[in-house]
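**Student:** I would like to see how this sequence folds:
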Amino acid sequence: MLETIRQFSAACNYISQIAHEHRGMSNKVALHHLTYYGVRAKFGLPAQLACTARDKVAEAYKKGSRRTPRHFGPNTSVRLDARTFSIAKAGQASISTVKGRIKVPMILGDFQRSLLDAWEINGAAELVYDKRAKTFYLHIVVKRETDPPTKSGRTVGIDIGMVNLAVTSNGLRFSGKKAMHLRRHYRNLRANLQAKGTSGSHCLMKRLRGKETRIMREVNHIISRRIVNSLQAGDTIRIETLTHIRERAKQRRARRADFHSWPFAQLQFFLEYKALERGIAVEYINPAYTSQTCSRCETRGHRVQHRFSCPSCNSRNAADFNAAYNIAKASLALGDGPQSIGPKATRCSQLQALQLAVG
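**Tutor:** Got it, this is the predicted structure:
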């Protein structure tokens with residue numbers, strides 16, 4: 001398995017070099033014709049692993065700039081699919097390797113075992129090697145079809161931001177102060193280590209790679225779970241459509257780095273599949289003027305920093321709570337009103353990654 005990971009990583013770098021030479025090629029079919037036989041001959045990967053390595057490189061170039069060559073470390077995770085991975089009833093994983101198909105026992109907790117029994121395996125997985133723990137992990141994707149949720153309960157609006165990560169119209173508020181401090185700490189630390197340029201600083205940067213992302217992912221999981229747990233089946237969640245928000249919104253120079261790297265979409269996605277699991281509908285609305293309109297009389301008011309005041313009815317409230325109430329109401333004065341289940345929320349199959357230790 002370790003040799004498979006090493007050869008898979010080397011194959012990804014080989015494919016990446018060819019893709020870079022062809023102006024950052026991200027077309028999987030064209031890249032397949034350029035690299036398939038070379039990967040099979042040089043690295044000894046099974047046919048399907050050669051294809052998944054090609055897919056991984058193509059997607060990496062599609063997501064980011066095509067001018068910069070993509071580099072994959074020696075412990076790059078191996079992408080598996082239905083042809084290279086399966087689970088036997090005896091609690092064993094069957095995995096394709098450079099030495100053929102092997103079966104290895106899985107160390108499962110009760111929670112992971114219950115999901116594997118009740119949910120359907122999506123046919124996708126990632127084989128990951130933890131160098132420090134000297135342990136292999138399988139990140140398995142499982143799915144379950146759910147019935148369309150019924151809108152028979154209350155409607156709760158959620159305002160997503162940076163000062164407050166999420167504010168709900170039913171009284172929940174999640175401050176972003178610690179998250180902001182964390183992100184700025186790691187950004188300054190990376191800048192200082194890059195400026196220093198020593199071998200020790202490069203080693204430290206390697207150890208810190210991805211840590212900030214993992215922490216923020218956990219924060220978004222906790223927030224989305226607490227929000228969903230505060231609701232009941234039949235309720236409806238309304239969220240602002242934040243598509244292209246980075247192009248629309250203007251930020252001060254000091255906040256641009258935070259704003260353009262903030263994981264808004266990740267929190268929305270976590271809310272979607274957790275809500276669908278509980279039979280809670282998710283709607284998206286036009287975000288125009290939600291924080292500048294009075295939630296009582298629907299008059300355009302004044303927002304100063306984090307406070308909102310209405311010149312008509314003299315009501316005062318926190319701007320984020322005022323926005324959450326407006327999102328819950330979604331009146332026509334705020335835009336086009338509630339849309340159908342958003343483009344991302346149409347997925348009725350719920351995906352949940354399982355981290356299963358493989359012994």
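**Student:** Buried ones in whatever helix or strand Val128 lives in, by neighbour count?
**Tutor:** Here Val128, judged by DSSP states H and E, is contained in strand 120-130. For strand 120-130, the neighbour count (16 or more other C-beta atoms under 10 Å) marks 121-122, 124-129 as buried. C-beta: built from backbone N, CA, C; applies to glycine.
**Student:** what mean pLDDT does that strand have?
**Tutor:** Mean pLDDT, computed over strand 120-130, is 89.
**Student:** what mean pLDDT does the following helix or strand past it have?
**Tutor:** Next along the chain after strand 120-130, taking DSSP H and E as the criterion, comes strand 135-143. Per-residue pLDDT over strand 135-143 has a mean of 91.
**Student:** what does stretch 272-280 give?
**Tutor:** 90.
**Student:** Same question for stretch 27-45.
**Tutor:** On average, stretch 27-45 scores 94.
**Student:** repeat for stretch 52-67
**Tutor:** 88.
**Student:** now swap in stretch 179-191 and tell me
**Tutor:** 85.
**Student:** Export that stretch to CSV, keeping only CA atoms.
**Tutor:** Only the C-alpha atoms of stretch 179-191 are listed here, as CSV (Å, rounded to 0.1, in the frame of the first residue of the first chain):
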residue,chain,number,x,y,z
ALA,A,179,-11.7,32.3,13.6
MET,A,180,-10.5,35.7,12.4
HIS,A,181,-7.6,35.7,14.9
LEU,A,182,-6.7,32.1,13.9
ARG,A,183,-6.6,32.9,10.2
ARG,A,184,-4.5,36.0,10.6
HIS,A,185,-2.1,34.2,12.9
TYR,A,186,-1.4,31.5,10.3
ARG,A,187,-1.3,33.9,7.4
ASN,A,188,1.4,36.0,9.2
LEU,A,189,3.2,32.9,10.3
ARG,A,190,3.4,31.7,6.7
ALA,A,191,4.6,35.1,5.5
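**Student:** quick check, distance from it to the centre of its chain.
**Tutor:** In this view, stretch 179-191 has its centroid 20 Å away from the chain centroid, taken as C-alpha atoms, centre = their mean, to the nearest Å.
**Student:** before we move on, the earlier item: list the strands paired with the strand holding Val128, with their directions.
**Tutor:** Strand 120-130 sits in its sheet next to strand 78-80 (antiparallel), strand 135-143 (antiparallel), going by DSSP bridges.
**Student:** Pick the most deeply packed of the ones you listed.
**Tutor:** By mean neighbour count, with neighbours taken as mean count of other C-beta atoms under 10 Å, strand 78-80 ranks first of the strands paired with strand 120-130 at a mean of 24.
**Student:** ok, back up a step: closest one to Arg173 among the strands paired with strand 120-130?
**Tutor:** In terms of C-beta to C-beta, the element of these nearest to Arg173 is strand 135-143, at 32.4 Å.
**Student:** For that closest one, C-alpha coordinates in CSV please.
**Tutor:** Provided in CSV are the C-alpha atoms of strand 135-143 (Å, rounded to 0.1, in the frame of the first residue of the first chain):
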residue,chain,number,x,y,z
THR,A,135,-1.3,4.3,9.8
PHE,A,136,-3.4,4.1,6.6
TYR,A,137,-6.9,5.6,6.4
LEU,A,138,-9.7,5.2,4.0
HIS,A,139,-11.9,8.2,3.5
ILE,A,140,-15.1,6.6,2.2
VAL,A,141,-18.1,8.4,0.7
VAL,A,142,-21.5,7.1,1.5
LYS,A,143,-24.9,8.2,0.4
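**Student:** Relative to the whole chain's centre, how far out is that strand?
**Tutor:** Using C-alpha atoms, centre = their mean, the offset of strand 135-143 from its chain centre is 16 Å.
**Student:** which strands and helices sit next to the helix or strand following it?
**Tutor:** Under the assignment DSSP H and E, the closest C-terminal helix or strand after strand 135-143 is strand 155-160. Here strand 155-160 touches strand 164-168, strand 236-240, helix 264-277, helix 319-329, going by 3 or more C-beta pairs under 8 Å, 6 or more residues apart in numbering; DSSP states H and E.
**Student:** Quick check: can you name the pairing partners of the second one and their directions?
**Tutor:** In its sheet, strand 236-240 lies beside strand 155-160 (parallel), strand 281-285 (parallel), with partners assigned from DSSP bridges.
**Student:** Quick check: which of those strands is nearest to Leu208?
**Tutor:** Distance to Leu208, taken as C-beta to C-beta, is lowest for strand 155-160 among the strands paired with strand 236-240, at 26.8 Å.
**Student:** picking that back up, can you convert the strands paired with strand 236-240 into a markdown table and add a column each for mean neighbour count?
**Tutor:** Listed next are the strands paired with strand 236-240 as a markdown table, based on neighbours: other C-beta atoms under 10 Å:
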| stretch | mean neighbour count |
| --- | --- |
| strand 155-160 | 24 |
| strand 281-285 | 22 |
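**Student:** which one of those strands lies closest to Met25?
**Tutor:** strand 281-285 (34.5 Å).
**Student:** Run a quick neighbour tally on Cys12.
**Tutor:** 25 (other C-beta atoms under 10 Å).
**Student:** pretty sure Ala58 is touching Lys28, no?
**Tutor:** Yes: Ala58 lies in contact with Lys28 (C-beta atoms under 8 Å); the separation is 4.7 Å.
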